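Chemist: below is the structure, and that's it, no one-letter string:
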């Protein structure tokens, strides 16, 4: 009986330590998943908005500038101020993306920083890569002056 009396109260201490050892990593995992999900929503929204901005622009140069500006603004609106957007626009090998029947694809690549990780880890391991794309078709009938059609001399 003496042995049972010596261990009295140690279950509470052990429960607290096990709780802390499990609770802290579990909390970090949940916070990290939420941060990555927030970044994924932001990158997806940025791709959609950038593709629409590019498609509505009068020419390719203006479209690229608008797509980059809209992608940056969309990431900031989603609360992802630290994320940098790498915007890539392709239109299936056409020289002018605003010609009739062109299909514009905008890819956004970015990274989200993992929370509460120490500085000693490499930069690649402290962040999570995210990528999203959105495709917008340009209609067959394009306004005169926007594409290289018969009205433009092309």
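Modeler: Looks like it arrived, so ask away. Quick caveat, the model's predicted, so the values are computed rather than measured.
Chemist: could you measure from the residue sitting nearest the centre point of the chain over to residue 83?
Modeler: The residue lying closest to the centre of the chain (CA atoms, centre = their mean) is residue 43, at 2.6 Å. The gap separating residue 43 from residue 83 is 8 Å, by CB to CB, to the nearest Å. (Each C-beta comes from the backbone N, C-alpha and C, glycine too.)
Chemist: now residue 135
Modeler: To residue 83, residue 135 is 22 Å away according to CB to CB.
Chemist: can you show me the helices along the protein?
Modeler: Ranges of helices in the chain, per DSSP state H, are 2-6, 10-56, 60-77.
Chemist: with distance to residue 102 added, can I get these in a markdown table?
Modeler: Listed next are those as a markdown table, based on distance: least, CB to CB, whole Å:
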| stretch | distance to residue 102 |
| --- | --- |
| helix 2-6 | 81 |
| helix 10-56 | 9 |
| helix 60-77 | 10 |
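Chemist: for this structure, name the helix or strand with the lowest mean pLDDT.
Modeler: helix 2-6 (a mean of 58; mean pLDDT, DSSP states H and E).
Chemist: so where's this protein shaky on pLDDT?
Modeler: Within the chain, the stretches with pLDDT under 70 are 1-9, 121-124, 142-154.
Chemist: how about 50 then?
Modeler: The chain contains residues with pLDDT under 50 at 1, 149-154.
Chemist: circling back to that earlier point, any residues in contact with both of residue 43 and residue 83?
Modeler: 75, 110 (CB atoms under 8 Å, 6 or more residues apart in numbering).
Chemist: returning to what we had before: what residues are up against the residue nearest to the centre of the chain?
Modeler: By CB under 8 Å, 6+ apart, residue 43 lies in contact with 75, 83, 85, 108-110, 130-132.
Chemist: give me the distance between it and residue 81.
Modeler: For residue 43, the distance to residue 81 equals 14 Å [CB to CB].
Chemist: so what sits against both of those two?
Modeler: residue 75.
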